[in-house]
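**Student:** okay, predicted coordinates and the sequence, questions at the end:
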Amino acid sequence: MTKKIFGIDLGGTSIKLSVVSIEGEIIDKWSVPTDIKEDGQHIIPDLILAIQEKMLENNWTNEDILGIGMGSPGFVDREKGTVAGAYNLAWVEEQPVADLIRSHFNADWPILIENDANVAALGEQWKGAGDHAGNVVMVTLGTGVGGGVIVNDQLVVGQGAAGEIGHMFSKEGGRKCTCG
């Protein structure tokens, strides 16, 4: 049996999930609402439940899963698998996202977390409108505004906020960002 990868896009309104092949072909996709009540403490349990239900529905075990790739708003620490400052998710403090998921499934899956707009740019370069171009700029519009930049086939990450076009001043006296 071919191993599957869970792809997750954490958003302020919904959590979009997919199951993809190693070649990037979408096998299934669905979404669940994002519950940001109580400082977003329901988000990871809801995400875990959505994965559990899909695995049960298809009789998949941990061995059928290659790993998880996740895009999240906020400041992502790729090495620790944490997210902080994701204000649209009500996550001000650091959240140990990868550890929570991994411990629930008791699996040694790699869980890769990256800024959601960066993941969108990588996906568009690989399978979308970027068409394998070496230089890609992606603008995301959702609950917030984001951006991902690829230069010479390398994702621009800087100190973790490179390409964050959503934090540009756009209108004097306009509405404040959720981060304040």
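**Tutor:** Arrived safely. Computed from a prediction, not measured in an experiment: that's the story for all the values here.
**Student:** let me see the confidence value for the most centrally placed residue in the chain.
**Tutor:** Residue closest to the average C-alpha location in the chain (CA atoms, centre = their mean): residue 71, at 1.3 Å. Confidence per residue is given as pLDDT, and for residue 71 that number is 94.
**Student:** may I have the strands that pair with the helix or strand it falls within, each with its orientation?
**Tutor:** Per DSSP states H and E, residue 71 falls inside strand 65-72. Using DSSP bridges, the strands paired with strand 65-72 are strand 4-10 (parallel), strand 111-115 (parallel).
**Student:** quick one: average pLDDT of the first one?
**Tutor:** This points to strand 4-10. Averaged across strand 4-10, pLDDT comes to 97.
**Student:** quick one: buried residues of the host helix or strand of residue 124?
**Tutor:** Assigned by DSSP H and E, residue 124 falls within helix 116-127. Neighbour-count burial for helix 116-127, counted by 16 or more other CB atoms under 10 Å, picks out 116-125. Just so you know, the C-beta spots here come from the backbone N, C-alpha and C atoms, and that holds for glycine as well.
**Student:** quick check: next helix or strand after it?
**Tutor:** Counting by DSSP H and E, the element after helix 116-127 in chain order, helix or strand, is strand 136-141.
**Student:** isn't residue 101 up against residue 46?
**Tutor:** No. Counting by CB atoms under 8 Å, no contact exists between residue 101 and residue 46, whose distance comes to 11.8 Å.
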